[in-house]
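A.B. asks: structure for this input, please:
(one chain, ligands or ions: 1)
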Amino acid sequence: MPYVITDACRKDFVCAAECASAAIAPVETDEQAAVAASQLFINPHECIDCGMCLFICPQGAIFSIEDLPADKAHFAAENKVHFKKNNAYIN
Ligand code: SF4
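C.D. replies: As a prediction, the model looks like this:
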């Protein structure tokens, strides 16, 4: 099951820098995308479920999908949609 970033994200890029599978976007060096994005997102097709981001996020903004609070459940779809919009995958 993938991990999900929620609206507690403050775009500090700590998670993106440490993700072993480059599943988190935008990255800090993509300045235009980084400024435009409301938060960072995890590509569920690229996440290998290591859990690193969950432990290093200083904001507590990341959850495993099974532990997403009910009021944050829509962020699973929002993370996925971010990559669909950016043509990272089709389905
Ligand atoms: S759980 Fe691991 S692979 Fe998935 S987004 Fe977080 S750091 Fe990357």
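A.B. asks: backbone dihedrals for V4, please?
C.D. replies: Main-chain dihedrals, V4, degrees, to the nearest 10: phi -130, psi 130.
A.B. asks: partner residues bridging it?
C.D. replies: F63 (DSSP bridges).
A.B. asks: could you check the pLDDT of it?
C.D. replies: We note a pLDDT of 98 for V4 in this prediction.
A.B. asks: surely it touches A76?
C.D. replies: Yes - if you go by Cβ atoms under 8 Å, V4 and A76 touch, sitting 5.0 Å apart. C-beta here means a position set from N, CA and C on the backbone, and glycine is covered the same way.
A.B. asks: kindly report the residues of the protein close to the ligand.
C.D. replies: Counting by Cβ under 6 Å from any ligand atom, the residues of the chain close to the ligand are 3, 19-21, 23-24, 42, 47-53.
A.B. asks: report the set of residues contacting both of V4 and A76.
C.D. replies: Common contact partners of V4 and A76 (Cβ atoms under 8 Å, 6 or more residues apart in numbering): I65, L68.
A.B. asks: for these two, indicate the residue with more neighbours.
C.D. replies: Neighbour count, other Cβ atoms under 10 Å: between V4 and A76, V4 has more, with 27 against 19.
A.B. asks: nothing else from me, thank you.
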